Structures are given as structure tokens and as C-alpha cells.
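Visitor: model the following, please.
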Amino acid sequence: MTITALIPLALKASLILMVFALGLSANISDALFVFRRPGQLARAFVAMDVVVPVVAFGLATTFALEPAVKIALVTLSLAPLPPTFSKKPLKAGASISYTVGLFVSITLIAVVFIPLALAVLTRVTGISLQMSPAAVWALVLWSLLVPLVAGMVTSRIWPAFGSRAADPLGKAGTVLILIAFIPVLIQVWPAMISLVGNGTVVAMTVLAVLAIAAGHLLGGPPQSDRATLALCSAARHPAIAIAIARANFPDQKLAPAAVLLYLLVSALVAAPYLKWVARYRSPAIGQIRSSAGFMRP
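Guide: Take a look at the predicted model:
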């Protein structure tokens with residue numbers, strides 16, 4: 001097997017490791033946390049599944065952007081879950097229960113939301129858009145839900161292993177994703193640079209800023225959980241976005257590069273927000289951060 005063929009496997013393995021490590025630090029009560037709080041679930045849905053798609057569609061129809069960039073903005077907004085939850089929300093004081101609960105609830109909602117959102121866009125734009133629920137389910141099941149549940153089950157059966165292994169496995173996943181992502185970035189970098197201009201970075205920055213603002217305003221009521229929803233509103237699942245783009249626009253070869261460009265832009269936008277939030281966390285929140293072993297993508 002060639003190195004090129006190993007890179008996608010390494011990316012998948014790294015994500016599975018990070019989600020599995022998250023599961024080792026969680027339990028069933030954490031997974032159901034947001035479902036048991038309809039108000040928080042509704043606000044999370046509005047921030048991630050309503051505000052972000054509306055903003056993305058508005059930017060795509062208003063800005064004179066490359067077609068690949070417009071496709072990337074819209075498909076990213078329809079992939080309303082990050083590939084994994086990171087250490088960043090906990091650095092800002094988020095609780096593990098809200099973090100895991102949001103992860104599970106938005107992942108399950110995505111299975112229904114994505115096909116419905118594509119149907120709505122078909123009516124609005126007149127362009128036939130589709131992605132089968134089975135394809136969405138396969139992506140979220142094997143890359144997100146299975147490793148999360150496996151981690152929770154492992155921790156319950158073997159708690160000593162769970163407490164010791166969560167942090168090392170999360171760090172291993174971080175190292176692996178960096179090793180695997182660098183060759184991908186080098187490969188698509190010329191395509192990404194070719195898309196810069198005509199308002200591309202501005203549009204992506206606006207989307208990331210408004211997504212973070214929506215998540216921050218709608219998060220909570222605990223102040224400590226606002227950063228989680230804010231960061232996750234801006235972060236989207238690149239694999240799902242690329243799958244939607246390829247299924248509906250197979251001729252747009254630059255769409256995956258545009259998706260990755262947004263990931264870089266959103267990460268740069270999120271950095272100062274995270275520093276701003278972390279400045280105001282309480283000492284008790286700092287204890288949560290120090291006692292939780294999580295991974296940073």
C-alpha cells in the first residue's frame with residue numbers, strides 16, 4: 001500500500017482515536033444531557049442548523065464568488081457538526097456533560113436535517129440537490145457515534161483503563177491527524193491559493209464570525225457552555241461537506257480545496273474568541289479544565 005493510500009486511513013484513524021478518547025471520559029448521562037434539556041437543544045439547533053445555513057446561503061448569493069467557494073459555503077453549513085470535539089471548549093470552561101451531549105444530539109439530528117435541508121434548497125434554488133439519509137448515517141455512525149459509544153462502554157467496563165488512557169489516546173490522535181493532514185494540505189495548497197480573492201476570505205470570515213456570535217448568544221444559560229456552542233457552530237464536518245459537494249457537483253473539482261480553506265479561516269477566527277472567553281473563566285471552571293483529559297485537533 002502506497003503512502004498516498006495510507007493518508008486517508010490515517011485521518012480516519014486519528015478522528016476515531018479522538019472520539020474514542022472523548023467517550024472514555026464520558027458516560028450515558030452525559031450523552032443524554034442536552035436531550036433532557038429541550039431549551040438548550042432548541043437553541044443549539046437554531047445556532048448550528050438555522051443561523052449558519054441562512055448566513056451561508058446569503059453570502060453565496062450576495063458575493064461574486066467562485067462557484068466552488070459558493071458550493072463549499074453551502075455544503076459546510078449543511079454539515080452541522082465538527083469532526084470531533086476538541087480540548088478548546090474545555091479550555092474556555094465548558095462542562096463535559098454539555099460538550100458530549102451536544103456532540104450526540106447534533107450528530108443524530110444531522111441524519112434527518114441534511115436530507116431535509118437539501119430538499120429545501122432544491123425548492124429555493126431550483127437546483128436538484130440530494131444526499132441519501134443512508135449515506136449521511138454511514139458517515140456519522142462509523143466516524144462519530146461508534147467510537148464515542150465504544151469509549152463510554154469501555155470506560156464503564158474498565159474504568160481504570162478509561163481514566164489512564166483518555167489523555168494519551170487523545171494526544172496520539174492529535175499527532176496522527178497532524179502527520180496525515182500535512183501532506184493533504186501540501187497537495188491542495190495551490191488549489192486553495194487559487195481560490196483566494198474576489199471576497200473569498202472575507203465571506204468565509206463573515207460566516208465564521210457570525211456562526212461564533214450565534215453560538216455564543218444562544219449558548220447556555222450557563223456561561224461556561226457558551227464557548228462550546230460558539231466554536232461548534234463555526235466548525236463543520238469537512239468529510240460530510242465534501243461528500244455533499246461531490247454527490248451534487250462532481251464537476252467542481254475545487255470544492256474540496258474550498259472546504260479546507262474554510263477550516264483554516266474558521267480556526268484563525270476562533271483563536272482570538274477562545275482567548276477572550278478564557279480570560280473570563282472562573283477558578284472553578286479552571287479546575288474543570290485541569291481535571292479533564294481531552295484532545296486538540
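Visitor: so which elements touch the strand or helix carrying A227?
Guide: A227 belongs to helix 226-234 when elements are defined using DSSP states H and E. Packed against helix 226-234, as judged by 3 or more C-beta pairs under 8 Å, 6 or more residues apart in numbering; DSSP states H and E, are the following elements: helix 88-91, helix 96-125, helix 200-218, helix 255-279. C-beta coordinates here come from the backbone N, C-alpha and C atoms, glycine included.
Visitor: any idea how far it is from the chain center?
Guide: 10 Å (C-alpha atoms, centre = their mean, to the nearest Å).
Visitor: put the alpha carbons of it into PDB.
Guide: As requested, C-alpha coordinates have been extracted for helix 226-234 and formatted as PDB (Å, rounded to 0.1, in the frame of the first residue of the first chain):
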ATOM      1  CA  ARG A 226     -21.400  29.200  25.500                       C
ATOM      2  CA  ALA A 227     -18.000  28.700  24.100                       C
ATOM      3  CA  THR A 228     -18.800  25.100  23.200                       C
ATOM      4  CA  LEU A 229     -21.800  26.100  21.100                       C
ATOM      5  CA  ALA A 230     -19.900  29.000  19.600                       C
ATOM      6  CA  LEU A 231     -16.900  27.000  18.500                       C
ATOM      7  CA  CYS A 232     -19.000  24.100  17.200                       C
ATOM      8  CA  SER A 233     -21.300  26.500  15.200                       C
ATOM      9  CA  ALA A 234     -18.300  27.700  13.300                       C
END
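Visitor: stretch 190-210 - what's its average pLDDT?
Guide: Stretch 190-210 shows an average pLDDT of 92 in the prediction.
Visitor: pull out the buried positions in that stretch.
Guide: Of all the residues in stretch 190-210, those buried under the rule 16 or more other C-beta atoms under 10 Å are 191-192, 195, 199-201, 203-210.
Visitor: ok, the residue nearest to S132 when sequence neighbours are not counted to L32 distance?
Guide: Using C-beta to C-beta, 6 or more residues apart in numbering and skipping residues adjacent in sequence, the residue nearest S132 is P115, 7.1 Å away. Separation of P115 from L32 (C-beta to C-beta, to the nearest Å) stands at 25 Å.
Visitor: and G197, by the same measure?
Guide: 46 Å.
Visitor: so what's I240 up against?
Guide: Contacts here follow C-beta atoms under 8 Å, 6 or more residues apart in numbering; on that basis I240 touches T75, L78, A79, L81, A110, I114, V136, L139, V140.
Visitor: just the closest of those to L11, please.
Guide: Ranked by distance to L11 (C-beta to C-beta), the contacts of I240 are led by L139 at 13.3 Å.
Visitor: packing partners for the helix or strand that contains that closest one?
Guide: Taking DSSP H and E as the definition, L139 sits inside helix 133-140. Secondary-structure packing of helix 133-140 (3+ C-beta pairs under 8 Å, 6+ apart): helix 96-125, helix 238-248.
Visitor: adding mean pLDDT and distance to L217, write those out as CSV.
Guide: Listed next are the helices and strands packed on helix 133-140 as CSV, based on pLDDT from 0 to 100; distance: least, C-beta to C-beta, whole Å:
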stretch, mean pLDDT, distance to L217
helix 96-125, 85, 16
helix 238-248, 84, 24
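Visitor: turn the ones you listed into CSV, columns for distance to M48.
Guide: Supplementary listing: the helices and strands packed on helix 133-140 in CSV, determined by distance: least, C-beta to C-beta, whole Å:
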stretch, distance to M48
helix 96-125, 6
helix 238-248, 13
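Visitor: of all these, which one is nearest V19?
Guide: Relative to V19, the nearest member of the helices and strands packed on helix 133-140 by C-beta to C-beta is helix 96-125, separated by 8.3 Å.
Visitor: who does the closest one touch, helix- and strand-wise?
Guide: helix 28-31, helix 38-45, helix 52-62, helix 88-91, helix 133-140, helix 146-157, helix 226-234, helix 238-248.
Visitor: how about a cut-off of 6 Å?
Guide: helix 28-31, helix 133-140 (3 or more C-beta pairs under 6 Å, 6 or more residues apart in numbering; DSSP states H and E).
Visitor: if you count neighbours, what's buried in it?
Guide: Of the residues in helix 96-125, those scored as buried under the neighbour-count criterion (16+ other C-beta under 10 Å) are 96-111, 113-115, 117-118, 121.
Visitor: same check, this time on stretch 248-260
Guide: Residues of stretch 248-260 classed as buried: N248, F249, Q252, L254, A255, P256, A257, A258, V259, L260 (neighbour count, 16+ other C-beta under 10 Å).
Visitor: farthest pair within these?
Guide: Across the buried residues of stretch 248-260, no pair lies farther apart than N248 and L260, at 18.4 Å, counting by C-beta to C-beta.
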